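Asks: Below is the sequence, then the predicted model.
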Amino acid sequence: MENPKLDVRVVRRIDEAEGIVSIELACEDGQALPAFAAGAHIDVHLGNGLVRQYSLCNDPAERHRYLLGILREPASRGGSEFVHAALREGARLTIGAPRCNFPLVEAVQRSILLAGGIGVTPLLAMAHRLAALGQDFTLHYCARSLSRVAFRDVLQDGPLARRAYLHLDDGAVSQRFDFDWDVGPAMPETHLYICGPDGFIRFVAEAAALRGWPKEQIHVEYFGAQSVGEAGDKPFTVTAARSGKTVEVGADQTIAQALTDAGFDIALSCEQGICGTCLTTVLKGEPLHRDDCLTDAERQGNKLMAICCSRAKSATLVLDL
Ligand code: FES
(Lines give C-alpha, C1' and ligand atoms only; values in the text may rest on other atoms or scores of the structure.)
Protein backbone atom coordinates (compact mmCIF):
# COMPACT_ATOMS: atom_id res chain seq x y z
CA MET A 1 0.00 0.00 0.00
CA GLU A 2 1.60 3.23 -1.14
CA ASN A 3 1.61 6.01 1.38
CA PRO A 4 2.26 9.57 0.10
CA LYS A 5 5.53 11.04 1.34
CA LEU A 6 6.34 14.49 2.72
CA ASP A 7 9.59 16.34 3.28
CA VAL A 8 9.89 17.87 6.73
CA ARG A 9 12.49 19.38 9.00
CA VAL A 10 13.20 18.78 12.69
CA VAL A 11 12.39 22.20 14.15
CA ARG A 12 12.74 21.28 17.81
CA ARG A 13 14.23 18.48 19.83
CA ILE A 14 13.73 18.35 23.59
CA ASP A 15 14.97 15.88 26.18
CA GLU A 16 11.59 15.23 27.72
CA ALA A 17 12.47 12.61 30.30
CA GLU A 18 14.99 9.91 31.04
CA GLY A 19 15.47 8.10 27.72
CA ILE A 20 12.74 10.07 25.92
CA VAL A 21 13.13 12.87 23.39
CA SER A 22 10.39 14.82 21.69
CA ILE A 23 10.88 15.65 18.03
CA GLU A 24 8.84 18.42 16.44
CA LEU A 25 8.51 18.27 12.66
CA ALA A 26 7.30 20.99 10.30
CA CYS A 27 7.09 21.44 6.55
CA GLU A 28 10.23 22.86 4.96
CA ASP A 29 8.26 25.69 3.36
CA GLY A 30 6.00 26.49 6.30
CA GLN A 31 2.96 24.95 4.60
CA ALA A 32 0.26 23.28 6.66
CA LEU A 33 0.78 19.58 7.24
CA PRO A 34 -1.92 17.04 6.35
CA ALA A 35 -4.58 16.78 9.06
CA PHE A 36 -4.43 13.74 11.31
CA ALA A 37 -6.86 11.86 13.51
CA ALA A 38 -6.17 11.35 17.20
CA GLY A 39 -4.35 8.01 17.54
CA ALA A 40 -2.61 8.30 14.16
CA HIS A 41 1.04 7.49 13.46
CA ILE A 42 3.49 8.39 10.72
CA ASP A 43 6.25 6.43 9.02
CA VAL A 44 9.55 8.22 9.57
CA HIS A 45 12.28 7.49 7.03
CA LEU A 46 15.36 7.99 9.13
CA GLY A 47 17.77 8.51 6.26
CA ASN A 48 19.90 5.53 7.24
CA GLY A 49 17.64 3.06 5.47
CA LEU A 50 15.40 2.58 8.48
CA VAL A 51 11.68 3.33 8.52
CA ARG A 52 9.95 3.51 11.86
CA GLN A 53 6.41 4.28 12.99
CA TYR A 54 5.80 6.90 15.65
CA SER A 55 2.50 8.13 17.05
CA LEU A 56 1.59 11.79 16.74
CA CYS A 57 1.07 13.21 20.21
CA ASN A 58 0.17 16.86 19.65
CA ASP A 59 -3.29 18.34 19.34
CA PRO A 60 -4.85 17.06 16.09
CA ALA A 61 -6.19 20.58 15.54
CA GLU A 62 -2.62 21.77 14.91
CA ARG A 63 -1.52 21.84 11.30
CA HIS A 64 1.86 23.55 11.67
CA ARG A 65 3.66 20.65 13.32
CA TYR A 66 3.78 16.97 14.12
CA LEU A 67 5.08 16.10 17.57
CA LEU A 68 6.65 12.73 18.35
CA GLY A 69 7.84 11.26 21.64
CA ILE A 70 10.56 8.65 21.17
CA LEU A 71 11.93 6.30 23.80
CA ARG A 72 15.43 4.91 23.44
CA GLU A 73 14.73 1.19 23.40
CA PRO A 74 17.55 -1.01 24.68
CA ALA A 75 16.36 -3.72 22.27
CA SER A 76 16.20 -1.19 19.44
CA ARG A 77 16.87 -2.50 15.95
CA GLY A 78 18.49 0.86 15.22
CA GLY A 79 15.55 3.27 14.93
CA SER A 80 15.27 4.81 18.38
CA GLU A 81 19.04 4.58 18.84
CA PHE A 82 19.54 6.62 15.67
CA VAL A 83 16.97 9.23 16.76
CA HIS A 84 18.59 9.68 20.17
CA ALA A 85 22.17 9.70 18.94
CA ALA A 86 21.98 11.49 15.62
CA LEU A 87 18.70 13.28 14.91
CA ARG A 88 19.27 16.99 15.57
CA GLU A 89 17.34 20.20 15.03
CA GLY A 90 17.56 21.24 11.40
CA ALA A 91 17.74 17.67 10.07
CA ARG A 92 15.64 16.95 7.00
CA LEU A 93 13.47 13.87 6.96
CA THR A 94 10.96 12.16 4.75
CA ILE A 95 7.79 10.99 6.42
CA GLY A 96 4.63 9.22 5.31
CA ALA A 97 1.21 10.83 5.55
CA PRO A 98 -0.54 10.11 8.87
CA ARG A 99 -2.45 6.86 9.17
CA CYS A 100 -4.69 5.79 12.00
CA ASN A 101 -5.04 2.19 13.19
CA PHE A 102 -6.11 3.29 16.68
CA PRO A 103 -9.11 5.54 16.10
CA LEU A 104 -11.01 7.39 18.77
CA VAL A 105 -14.74 6.73 18.98
CA GLU A 106 -15.94 10.26 19.52
CA ALA A 107 -19.69 9.70 19.85
CA VAL A 108 -19.59 8.23 23.36
CA GLN A 109 -20.16 9.76 26.78
CA ARG A 110 -16.81 9.00 28.34
CA SER A 111 -13.32 7.85 27.41
CA ILE A 112 -10.67 6.42 29.72
CA LEU A 113 -7.12 6.58 28.35
CA LEU A 114 -4.63 4.18 29.93
CA ALA A 115 -0.95 4.62 29.12
CA GLY A 116 2.04 2.51 30.03
CA GLY A 117 5.29 4.49 29.63
CA ILE A 118 5.87 5.82 26.12
CA GLY A 119 2.45 4.45 25.16
CA VAL A 120 1.19 7.82 26.32
CA THR A 121 1.93 9.38 22.92
CA PRO A 122 -1.21 8.50 20.90
CA LEU A 123 -3.30 8.95 24.04
CA LEU A 124 -2.07 12.54 24.41
CA ALA A 125 -3.44 13.34 20.95
CA MET A 126 -6.71 11.69 21.99
CA ALA A 127 -6.78 13.72 25.20
CA HIS A 128 -6.32 16.95 23.24
CA ARG A 129 -9.12 15.98 20.90
CA LEU A 130 -11.49 15.01 23.71
CA ALA A 131 -10.71 18.25 25.54
CA ALA A 132 -11.46 20.21 22.36
CA LEU A 133 -14.76 18.37 22.01
CA GLY A 134 -15.59 19.16 25.64
CA GLN A 135 -16.06 15.46 26.39
CA ASP A 136 -15.63 13.60 29.62
CA PHE A 137 -12.34 11.71 29.84
CA THR A 138 -9.47 10.76 32.11
CA LEU A 139 -5.89 9.94 31.22
CA HIS A 140 -3.94 7.55 33.45
CA TYR A 141 -0.22 7.49 32.81
CA CYS A 142 1.78 4.72 34.47
CA ALA A 143 5.56 5.13 34.60
CA ARG A 144 8.45 3.75 36.57
CA SER A 145 9.36 7.09 38.16
CA LEU A 146 8.79 10.82 37.70
CA SER A 147 12.07 11.13 35.81
CA ARG A 148 10.59 8.87 33.11
CA VAL A 149 7.39 10.87 32.65
CA ALA A 150 7.41 12.67 29.30
CA PHE A 151 5.43 15.80 28.39
CA ARG A 152 5.05 16.81 32.02
CA ASP A 153 4.31 20.41 31.10
CA VAL A 154 1.30 19.39 29.02
CA LEU A 155 0.11 16.99 31.68
CA GLN A 156 0.56 19.16 34.73
CA ASP A 157 0.10 22.76 33.63
CA GLY A 158 -1.80 22.61 30.36
CA PRO A 159 -5.43 22.12 29.44
CA LEU A 160 -5.23 18.39 30.20
CA ALA A 161 -4.06 18.87 33.77
CA ARG A 162 -7.42 18.33 35.47
CA ARG A 163 -7.90 15.06 33.62
CA ALA A 164 -4.43 13.50 33.86
CA TYR A 165 -3.32 11.17 36.65
CA LEU A 166 0.24 9.96 37.10
CA HIS A 167 0.90 6.54 38.63
CA LEU A 168 4.54 5.96 39.54
CA ASP A 169 5.97 2.54 40.36
CA ASP A 170 8.32 4.09 42.90
CA GLY A 171 5.71 6.41 44.42
CA ALA A 172 3.37 5.97 47.38
CA VAL A 173 1.05 2.97 47.22
CA SER A 174 -1.97 5.27 47.31
CA GLN A 175 -1.14 6.77 43.88
CA ARG A 176 -0.35 3.50 42.06
CA PHE A 177 -2.67 2.41 39.31
CA ASP A 178 -5.54 0.33 40.65
CA PHE A 179 -7.97 -0.84 38.01
CA ASP A 180 -10.93 -1.06 40.42
CA TRP A 181 -10.33 2.42 41.79
CA ASP A 182 -9.20 4.19 38.60
CA VAL A 183 -11.46 2.47 36.07
CA GLY A 184 -13.92 0.16 37.80
CA PRO A 185 -16.60 -2.12 36.39
CA ALA A 186 -17.89 -1.87 32.83
CA MET A 187 -19.95 1.21 32.11
CA PRO A 188 -22.18 1.80 29.11
CA GLU A 189 -21.20 4.57 26.68
CA THR A 190 -17.62 4.46 27.98
CA HIS A 191 -14.61 3.32 25.97
CA LEU A 192 -11.15 2.30 27.19
CA TYR A 193 -8.00 3.01 25.19
CA ILE A 194 -4.87 1.14 26.22
CA CYS A 195 -1.39 1.74 24.84
CA GLY A 196 1.97 0.61 26.13
CA PRO A 197 4.27 -2.38 26.24
CA ASP A 198 2.89 -5.86 25.79
CA GLY A 199 2.82 -6.73 29.51
CA PHE A 200 1.00 -3.52 30.44
CA ILE A 201 -1.65 -4.06 27.79
CA ARG A 202 -2.18 -7.67 28.79
CA PHE A 203 -2.54 -6.69 32.45
CA VAL A 204 -5.03 -3.89 31.80
CA ALA A 205 -7.02 -5.69 29.09
CA GLU A 206 -7.36 -8.79 31.29
CA ALA A 207 -8.47 -6.66 34.24
CA ALA A 208 -11.06 -5.00 32.01
CA ALA A 209 -12.36 -8.32 30.65
CA LEU A 210 -12.63 -9.73 34.18
CA ARG A 211 -14.77 -6.76 35.20
CA GLY A 212 -17.14 -7.23 32.32
CA TRP A 213 -15.89 -4.61 29.86
CA PRO A 214 -17.13 -5.68 26.41
CA LYS A 215 -14.49 -6.16 23.72
CA GLU A 216 -16.07 -3.47 21.54
CA GLN A 217 -15.41 -0.89 24.29
CA ILE A 218 -11.71 -1.76 24.63
CA HIS A 219 -9.22 -0.35 22.10
CA VAL A 220 -5.61 -1.39 22.17
CA GLU A 221 -2.40 -0.29 20.53
CA TYR A 222 0.80 -2.17 21.23
CA PHE A 223 3.94 -0.18 21.64
CA GLY A 224 7.23 -1.79 20.79
CA ALA A 225 7.96 -5.01 19.04
CA GLN A 226 5.81 -8.01 19.60
CA SER A 227 7.22 -11.37 18.83
CA VAL A 228 6.40 -12.40 15.31
CA GLY A 229 7.42 -16.05 15.39
CA GLU A 230 5.98 -18.50 17.89
CA ALA A 231 6.83 -21.99 19.03
CA GLY A 232 4.85 -24.55 17.09
CA ASP A 233 4.76 -22.56 13.84
CA LYS A 234 4.54 -24.89 10.86
CA PRO A 235 5.70 -24.49 7.26
CA PHE A 236 3.14 -23.81 4.53
CA THR A 237 3.11 -22.66 0.93
CA VAL A 238 2.17 -19.36 -0.65
CA THR A 239 1.21 -18.97 -4.27
CA ALA A 240 1.59 -15.56 -5.89
CA ALA A 241 -1.45 -15.52 -8.15
CA ARG A 242 -0.14 -13.08 -10.74
CA SER A 243 2.95 -15.11 -11.60
CA GLY A 244 1.66 -18.48 -10.46
CA LYS A 245 4.89 -18.97 -8.53
CA THR A 246 4.68 -21.05 -5.33
CA VAL A 247 7.02 -20.44 -2.43
CA GLU A 248 7.59 -22.53 0.69
CA VAL A 249 7.40 -20.54 3.94
CA GLY A 250 9.57 -22.22 6.57
CA ALA A 251 8.52 -22.54 10.22
CA ASP A 252 11.06 -19.87 11.19
CA GLN A 253 10.36 -17.51 8.28
CA THR A 254 7.73 -14.88 7.62
CA ILE A 255 5.80 -14.87 4.35
CA ALA A 256 7.54 -11.59 3.47
CA GLN A 257 10.97 -13.12 4.07
CA ALA A 258 10.19 -16.20 1.99
CA LEU A 259 8.84 -14.10 -0.88
CA THR A 260 11.78 -11.68 -0.74
CA ASP A 261 14.22 -14.60 -0.80
CA ALA A 262 12.37 -15.90 -3.87
CA GLY A 263 12.94 -12.59 -5.68
CA PHE A 264 9.67 -10.76 -4.99
CA ASP A 265 9.84 -7.06 -4.23
CA ILE A 266 7.81 -6.77 -1.02
CA ALA A 267 7.12 -3.33 0.53
CA LEU A 268 7.80 -3.49 4.26
CA SER A 269 8.12 -0.98 7.01
CA CYS A 270 7.57 -1.88 10.68
CA GLU A 271 7.76 -5.67 10.16
CA GLN A 272 5.71 -5.99 13.35
CA GLY A 273 2.16 -5.96 12.05
CA ILE A 274 1.61 -2.36 13.14
CA CYS A 275 1.86 -0.07 10.12
CA GLY A 276 -0.15 -1.84 7.41
CA THR A 277 2.48 -1.33 4.68
CA CYS A 278 2.58 -5.03 3.78
CA LEU A 279 -1.18 -5.69 3.76
CA THR A 280 -1.92 -8.09 0.93
CA THR A 281 -5.15 -9.41 -0.53
CA VAL A 282 -5.87 -13.06 0.19
CA LEU A 283 -7.50 -14.87 -2.73
CA LYS A 284 -7.64 -18.37 -1.26
CA GLY A 285 -6.78 -20.14 1.99
CA GLU A 286 -7.15 -19.12 5.62
CA PRO A 287 -4.67 -16.73 7.23
CA LEU A 288 -3.50 -16.95 10.83
CA HIS A 289 -3.57 -13.26 11.73
CA ARG A 290 -0.91 -11.85 14.05
CA ASP A 291 -1.10 -8.16 13.18
CA ASP A 292 -2.28 -5.13 15.09
CA CYS A 293 -3.29 -3.07 12.10
CA LEU A 294 -6.48 -4.77 10.90
CA THR A 295 -9.77 -4.47 12.73
CA ASP A 296 -11.35 -7.59 14.23
CA ALA A 297 -13.92 -7.55 11.43
CA GLU A 298 -11.20 -7.35 8.78
CA ARG A 299 -9.37 -10.27 10.37
CA GLN A 300 -12.54 -12.32 10.45
CA GLY A 301 -13.20 -11.43 6.80
CA ASN A 302 -9.83 -13.00 5.83
CA LYS A 303 -9.59 -10.82 2.73
CA LEU A 304 -6.43 -9.01 3.81
CA MET A 305 -3.39 -10.07 5.79
CA ALA A 306 -0.13 -8.56 7.02
CA ILE A 307 2.50 -10.76 5.41
CA CYS A 308 5.30 -9.46 7.64
CA CYS A 309 3.95 -11.38 10.63
CA SER A 310 0.78 -13.37 9.91
CA ARG A 311 0.90 -16.98 8.80
CA ALA A 312 -1.51 -19.61 7.46
CA LYS A 313 -4.01 -21.92 9.09
CA SER A 314 -4.50 -23.71 5.77
CA ALA A 315 -1.69 -25.63 4.04
CA THR A 316 -1.64 -23.08 1.22
CA LEU A 317 -2.45 -19.40 0.75
CA VAL A 318 -3.02 -17.76 -2.62
CA LEU A 319 -2.16 -14.07 -2.49
CA ASP A 320 -2.80 -11.25 -4.94
CA LEU A 321 0.86 -10.69 -5.76
S1 FES B 1 5.33 -4.08 7.48
FE2 FES B 1 4.13 -3.02 8.92
S3 FES B 1 2.36 -4.27 9.09
FE4 FES B 1 3.68 -5.43 7.87
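Replies: That came through fine.

Asks: who's the one residue in the stretch 1-150 of the chain that gets nearest to the ligand bridged to?
Replies: For the stretch 1-150 of the chain, the residue closest to the ligand is residue 53, as judged by CB to the nearest ligand atom, at 7.5 Å. To be clear about C-beta, it is placed using only N, CA and C from the backbone, and glycine gets the same treatment. Residue 53 has these beta-bridge partners by DSSP bridges: residue 43.

Asks: Mind jotting down where the strands sit in the stretch 1-150 of the chain?
Replies: Using DSSP state E, counting those that start in this stretch, the strands of the stretch 1-150 of the chain run over 5-17, 20-27, 41-45, 51-55, 66-71, 92-96, 110-116, 136-143.

Asks: sorry, back to before: quick check, pLDDT for the residue of the stretch 1-150 of the chain closest to the ligand.
Replies: The model reports residue 53 with a pLDDT of 86.

Asks: Could you pull up the contacting residues of it?
Replies: Residues counted as contacts of residue 53 (CB atoms under 8 Å, 6 or more residues apart in numbering) are 41, 42, 43, 44, 269, 270, 274, 275.

Asks: can you check residue 308 too?
Replies: With CB under 8 Å, 6+ apart, residue 308 has these contacts: 228, 254, 255, 256, 268, 270, 271, 272, 273, 277, 278, 291.

Asks: Check residue 120 too.
Replies: Contacts of residue 120 by CB under 8 Å, 6+ apart are 57, 69, 139, 141, 150, 151, 195.

Asks: same thing with residue 91?
Replies: Neighbours of residue 91 in contact, by CB under 8 Å, 6+ apart: 9, 10, 47.

Asks: Against residue 7, how distant is the closest residue to the second one other than its chain neighbours?
Replies: The one in question is residue 10. The shortest distance from residue 10 to any non-neighbouring residue, by CB to CB, 6 or more residues apart in numbering, is to residue 91 (4.6 Å). Plainly put, residue 91 is 12 Å away from residue 7 if you go by CB to CB, to the nearest Å.

Asks: Output the strands of the stretch 1-150 of the chain in TSV; the columns should cover distance to residue 208.
Replies: Listed next are the strands of the stretch 1-150 of the chain as TSV, based on distance: least, CB to CB, whole Å:
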stretch	distance to residue 208
strand 5-17	27
strand 20-27	27
strand 41-45	23
strand 51-55	21
strand 66-71	25
strand 92-96	32
strand 110-116	9
strand 136-143	13
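
Asks: which other residues reach stretch 171-182?
Replies: By CB under 8 Å, 6+ apart, the list of residues contacting stretch 171-182 reads 138, 140, 142, 145-146, 165-169, 204, 207-208, 211.

Asks: Save those residues as JSON lines, and put in pLDDT and distance to residue 25 too.
Replies: JSON lines is the format used below for these (pLDDT from 0 to 100; distance: CB to CB, whole Å):
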{"residue": "138", "pLDDT": "97", "distance to residue 25": "29"}
{"residue": "140", "pLDDT": "98", "distance to residue 25": "28"}
{"residue": "142", "pLDDT": "96", "distance to residue 25": "27"}
{"residue": "145", "pLDDT": "94", "distance to residue 25": "29"}
{"residue": "146", "pLDDT": "95", "distance to residue 25": "27"}
{"residue": "165", "pLDDT": "96", "distance to residue 25": "29"}
{"residue": "166", "pLDDT": "96", "distance to residue 25": "27"}
{"residue": "167", "pLDDT": "96", "distance to residue 25": "30"}
{"residue": "168", "pLDDT": "95", "distance to residue 25": "30"}
{"residue": "169", "pLDDT": "92", "distance to residue 25": "31"}
{"residue": "204", "pLDDT": "95", "distance to residue 25": "30"}
{"residue": "207", "pLDDT": "96", "distance to residue 25": "36"}
{"residue": "208", "pLDDT": "97", "distance to residue 25": "34"}
{"residue": "211", "pLDDT": "96", "distance to residue 25": "39"}
